Structures are given as C-alpha cells and as structure tokens.
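1. I'll drop the sequence and a predicted model, then ask my questions.
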Amino acid sequence: MDAQTALGIANEEMLNSLSGLAANLTNDNPFAQIPGVQLSQTDTLFINNRWYLISNLWQLLSQLYVEHGIVQTLVDQPVDDAFRAGFEIKTSQLSKDEIDQLHVYDQRNGVTRSLMQARKWARLYGGGAVLIITGQDPSLPLDIKKIKPGSPLEFRSIDMWELYYTTQNISGTIQVGGAIGSNMGEFYDYYGHKIHKSHVYRVIGKECPAYLRPRLRGWGMSELERIVRSLNSYMKNQDVIFALLDEAKVDVYRMKGFNSSLMSAQGTAAAQTRIQLANALKGFNNALMMDVEDEYDQKQIAFSGLAEILLQLRQGLAADLKMPMTKLFGVSAAGFSSGEDDIENYNSMLEGEIRAKDKFAVVDLLQIACQHEFGTMIDDLMIEFNPLRILNAKEEEEVKDSQLNRIMSVYQSGLVADTKVLKEAINKDSLIGVEVDVNSESAPPLEGDFTVQGAAKGAAGKQAKADA
C-alpha cells in the first residue's frame, strides 16, 4: 500500500466519523482533518505574520517614541549603557595631555554624543547618520585636510528619513559597499540641499534578509519589528487593567416598582433622577438616605491573575529585546537569583550589537576632531572601551591594592628598573590617590620601622628617656 492510498483511506474514515463531521463544519481542507497533519501546515505561520514592515511607518514609530516610555527605554537605554563606561584613546602620536585635551574636545563638541544619537535613531527607524558640517561646499567631496583649528565644524545627528538618495527609484549598479539594487547614490538630499556622501557618516540598524532588503532603501530595520506582538500584548494588558479599574466597584440599587416605572418615559426619568440623587447623597457626610422598602448593595470585583499575566508579558517582551527586566522595567530579580546572569547576557548584547559596530565610527569621527583641534590627522588612533561591569567601592579598592602590589613586586624583582615607568603606571589608574611627579628623582627609602608596632616602641623609648 503506497502513501497516497493510505492517506485516502484515513481521510475517508475521518470523513465518516463524528469528529470528521465537526471538522468539516470549520475547515474546508480535507488534509487538515487528519490527526497530526494540521501541526505540519504553514497556515498558522502565515496568519501570524504582518506581511509589511513597521520600519516604513515613519509617523507611527515617531509617535510611539514620543508617547510610550517603554519604547524610549528600549531604544535609548542600550546605547547609553554601551557608552556609559567611556573609552580610552590609544595612540603614540599624542601625549597624555593631548589625549586629555581630545577627550575634552569630544565632550564639549558632542562628537561621540552625536554618534550615540544616530545609533538611537538607527534602533528606532533602522538608520541614522552623523552629518559633518564644515565651511566647504556640501555638494563636493569632503577634504578633511582643509579642516583647520578655528574653522567651522559641527557634528549633527540625523535620522534616515531626513536623507534621501538623489537617485531614488533609479536602477542601481553593482558597487563595493552596496547591495544589488540598493540604489546607493553619490549624493543625498537633505531638506533640499545636495549633500555629497563623504559628508555623511551612516549608522545602519539591524540588517534585513535579502528578500525584504529592497523595501528598506539601503537602510536597516527597526528594533520594533521583532516586538510588535509582545508590545501589543503588553499594551492590551494595560488597557484591560485601565478599563477594569472603572468597574472595580459597582453600586446595586433595589427599588420597589422599578420595572413598572420603566414602562413610561416619565417613570424612566423619575428612576434616573432617584438614582442620581442617591449617588449625590451617598457622598454627603458618608450617608445615604433611602426609602424603607428600597435596598442598596455594593459589589467589589477582585482582580486575580492579572499580576501573573503582566509578569509573563514583561518576560516575553524582555526576551525579544534581549534586555533584563531590571533595565526595561526597573524590576529587580526575584528569588535566589541576584541578576548577575541577566546583566552578563545584556552586556554581551551591548558588546556585539553596539560597541562592535560603533568602535571604528568613533575612531573616524575622532580623527576629524584631531584635524580640527591639532591641525593634523592621527594615523594610529584607536580606542578601547572600558569594561561594562561597574565595581562597587570595596571591589574597586581591592583591585587597586592588587595592582599596586603587582607594580611593587615588579620593581623589587628588578624586571623594571626605570621608576618613571612605574610612576606612570601608578598615575594611570590613580592607585594612591595623589598624582606622583614622574620626572622627580626617587628619594632614598627611610630607615627604621614605620609599622604601628614600631611607632609604639619609639613612643615608649622617648617616654623612658623623659622619665630618666
């Protein structure tokens, strides 16, 4: 017996049964009536898809970001956390003072801050950019060497909807750095101004599959694409709770002859007036006056299970975003968990999705800042992000003690004889709380016992001499 014959026999038996009759009333597909086949169908997958991209709905995304705090949190919080610890600038062409000067320039002119905002727009819309504004003609290629100290320079963060390719909807060409058909032109249109692409530093959101990529016009997709179902469930739960609050307490009046009074318009109006007066009197000195034949009762609705539903919805939303609930909702870990595992997973997401993508973007923008501040480009400029994990005061002191002991061990073992190098290592991490003069000569070690016991012996010796 082949598979087709067996399928026909099973289908016929199913149609002749009572369950088959019930299935026929709700489903016209004969194959879906066979046990085990419905689970393998793709209808459920088709039904649970939107078949359009929310990344193309600029107005909706903008309004969601403005009105809903949870959307702002899922967009802004990861970017702020990724750059919170800062970074160290590594280069052999700048001194320590010049590196500090570059950090001050960065903070004062918002170089990194503009990139952070562009990354936030990339998470919300799918793309952002940093527009480099100079005194040069924006329609011509940017010449970084013409940027001198004192010349105009601004780093402006913009979103993808403020930029349009001038070759939009024109057949694209295969080129390095662009996908086939992405229509990546040489010029942008920025509020009517023709901008050469060298003036624009693009920040792309999460990459989309090739089948859907042409819909995004060469940009990425919004972070809200993957959380529409979870976000809808969360908002629906909030709406249900808000509606139930109005029904938490219901007043029940039992009036004699109420049904008969509703037979006429005059009786209905009299009943309404009577209830309105009863409600008004109910709030007067917490008293309610009623007829002796009337009755009054109050029903209190108990909401059970809503807290568990809200918790499950929050967990699903946090799982889709790969963010711990502590970051997303401010809810601490419960039970025996300290939340360390959630924070480690969250930090891994920040390292992979934000820091790894924006590392060289920071380097490129800082090189332009060096050209504007020092009048020269720094070829070996590199940054190293500081660890995301923040130590408490006790752990930080223990780490400093360990670092200082390591430095002293290296000096005592003779591996490093130059005290200048050791002093620079001490000053780098502020291990002793004060700045050590690197160029000063080392003073010879003082003789004697300077421990607490030695000080006590010295004091006892002085007292003995005084008594004698």
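-> Noted; the coordinates are in hand. All figures in this text were calculated on a predicted structure; none of them were measured in a lab.
2. where does the residue sitting nearest the centre point of the chain land on pLDDT?
-> The residue lying closest to the centre of the chain (CA atoms, centre = their mean) is Pro78, at 3.3 Å. Looking at Pro78, its pLDDT stands at 93.
3. wait, it sits on Ala122?
-> No: with contact defined as CB atoms under 8 Å, Pro78 does not reach Ala122; the gap is 11.4 Å. No exception for glycine: its C-beta is placed from N, CA and C like everyone else's.
4. all strands for this protein, in order.
-> Taking DSSP state E to define them, one finds strands in the chain at 87-90, 127-134, 153-159, 164-165, 187-190, 193-196, 200-204, 249-254, 295-300, 382-385.
5. where in the stretch 251-400 of the chain is pLDDT low?
-> By pLDDT under 70, the low-scoring segments of the stretch 251-400 of the chain are 282-304, 331-339.
6. how about 90 then?
-> For the stretch 251-400 of the chain, the stretches flagged by pLDDT under 90 are 251-349, 352-353, 377, 379, 387-400.
7. OK, contacts around the residue lying closest to Ala271 once chain neighbours are set aside?
-> Excluding the flanking residues, the one nearest Ala271 by CB to CB, 6 or more residues apart in numbering is Ser261, at 5.2 Å. Contacts for Ser261 were tallied using CB atoms under 8 Å, 6 or more residues apart in numbering; they are Met255, Gly267, Thr268, Ala270, Ala271.
8. in helices, which of those appear?
-> Judged by DSSP state H, the contacts of Ser261 include Gly267, Thr268, Ala270, Ala271 as members of helices.
9. so which of these wins on neighbours?
-> Neighbour counts for these (other CB atoms under 10 Å) peak at Ala271, which has 17 neighbours.
10. so that one touches Met255, yeah?
-> Yes: under the criterion of CB under 8 Å, Ala271 makes contact with Met255 at 6.9 Å.
11. touching, Asn237 and Ala307? I think so.
-> No: Asn237 is not in contact with Ala307 according to CB under 8 Å; the separation is 10.6 Å.
12. of these two, who's got more company?
-> Between Asn237 and Ala307, counted using other CB under 10 Å, the more crowded position is Asn237 (16 against 9).
13. and Ile89, how many neighbours?
-> Neighbours of Ile89 (other CB under 10 Å): 20.
14. so what's the residue count around the closest residue to Ile144 other than its chain neighbours?
-> Spatially, and ignoring its direct neighbours in sequence, Ile144 is nearest to Gln371 (5.5 Å; CB to CB, 6+ apart). Neighbour count of Gln371, defined by other CB under 10 Å: 20.
15. per-residue confidence for the nearest residue to Leu381 once chain neighbours are set aside?
-> Leaving aside its chain neighbours, Leu381 sits nearest to Thr91 (4.9 Å; criterion: CB to CB, 6+ apart). Reported pLDDT at Thr91 in the predicted model: 93.
16. wait, doesn't Thr91 sit right on Asp380?
-> Yes: Thr91 lies in contact with Asp380 (CB under 8 Å); the separation is 5.4 Å.
17. of those two, which one has the most company?
-> Taking other CB under 10 Å, Thr91 and Asp380 do not tie; Thr91 has more neighbours (17 against 9).
18. surely Ser55 touches Leu216?
-> Yes: using CB under 8 Å, Ser55 is in contact with Leu216, at 6.1 Å.
19. joint contacts of these two?
-> Residues within reach of Ser55 and of Leu216 at once, by CB under 8 Å, 6+ apart, are Gly126.
20. the protein - how does it break down into domains?
-> With domains defined by automatic domain parsing, the chain comprises 3-47, 54-243+331-390, 395-462.
21. tell me which other helices or strands the longest helix seen in the chain touches.
-> Scanning the chain for the helix with the most residues, using DSSP H, yields helix 393-413. Applying 3 or more CB pairs under 8 Å, 6 or more residues apart in numbering; DSSP states H and E, one finds that helix 393-413 makes contact with helix 419-428.
22. what angle do the helix it packs on and helix 393-413 make?
-> Inter-element angle recorded for helix 419-428 and helix 393-413: 180 degrees (by axes from the mean of the first three to the mean of the last three CA atoms, to 10 degrees).
23. using CSV, write out the CA atom coordinates for stretch 108-128.
-> Provided in CSV are the C-alpha atoms of stretch 108-128 (Å, rounded to 0.1, in the frame of the first residue of the first chain):
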residue,chain,number,x,y,z
ARG,A,108,32.4,69.8,24.6
ASN,A,109,31.6,69.5,20.9
GLY,A,110,29.4,66.3,21.2
VAL,A,111,31.4,64.1,18.8
THR,A,112,30.6,60.8,20.5
ARG,A,113,27.2,62.2,21.6
SER,A,114,26.2,62.8,18.0
LEU,A,115,27.1,59.2,17.1
MET,A,116,25.1,57.9,20.1
GLN,A,117,22.0,59.8,19.0
ALA,A,118,22.5,58.5,15.4
ARG,A,119,22.7,54.9,16.8
LYS,A,120,19.4,55.6,18.7
TRP,A,121,17.7,56.7,15.5
ALA,A,122,19.1,53.5,13.9
ARG,A,123,17.5,51.4,16.6
LEU,A,124,14.2,53.2,16.2
TYR,A,125,13.9,53.7,12.4
GLY,A,126,16.5,51.4,11.1
GLY,A,127,19.1,54.0,10.2
GLY,A,128,20.7,57.2,11.3
